[in-house]
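> Next come a sequence and a model predicted from it.
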Amino acid sequence: QVALVQSGGGSVQAGGSLTLSCAASGFILDYVAVGWFRQAPGKERESVSCISPSDKLRHYADSVKGRFTISRDNAKNAVNLQMTNVKPEDTAIYSCVRLRTCNSTVWWTRTFGSWGQGTQVTVSS
């Protein structure tokens, strides 16, 4: 069964760190591009980061550049999102999804397949 299962998340104080994981079942995640998105209460979903197959390319939203790092853990068939120096405005539900490509200026429009179940990240000041 093809699925993305997320783990990590939780509550953290501003300036702290948190790592989210998106693990795949039913297929090899390293063969596809993966994107992370987030949605805060009352706001539209926002693209956060993407990684291309075999980690050849990464993109970050300006709001997280220099603080978040996307990476692959092929031993776990997963893509991680390491969040450092988090801010209260990072509070949101984070979700992962496959992408048809990360190599695009509008990569966030290239999602396909089912999304991860979403995980809450809450940053307190």
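Thanks, I have it.
> quick one, what contacts the residue nearest the centre of the chain?
Using CA atoms, centre = their mean, the residue of the chain that lies closest to the mean C-alpha position is residue 36, 2.7 Å off. Contact partners of residue 36, counting by CB atoms under 8 Å, 6 or more residues apart in numbering, are 20, 22, 47, 48, 49, 50, 70, 79, 81, 94, 95, 96. Where you see a C-beta, it was placed from the backbone N, CA and C, and this is true even at glycine.
> Check it and give its pLDDT.
On the pLDDT scale, residue 36 is placed at 98.
> list the buried ones in the helix or strand containing it?
Secondary structure from DSSP states H and E places residue 36 in strand 33-39. Going by neighbour count (16 or more other CB atoms under 10 Å), the buried part of strand 33-39 is 33, 34, 35, 36, 37, 38.
> what do you get for stretch 49-66?
Applying 16+ other CB under 10 Å to stretch 49-66 flags 49, 50, 51, 52, 53, 59, 60, 61, 64 as buried.
> what about stretch 83-95, start to end distance?
Taking CA to CA, to the nearest Å, stretch 83-95 runs 14 Å from one end to the other.
> buried stuff in it?
Quick answer for stretch 83-95 (16+ other CB under 10 Å): 83, 86, 90, 91, 92, 93, 94, 95.
> so what's the fifth one closest to, chain neighbours aside?
What it means is residue 92. residue 38 (3.8 Å; CB to CB, 6 or more residues apart in numbering).
> isn't that neighbour right next to residue 95, touching?
Yes: assessed by CB atoms under 8 Å, residue 38 is found in contact with residue 95 at 7.3 Å.
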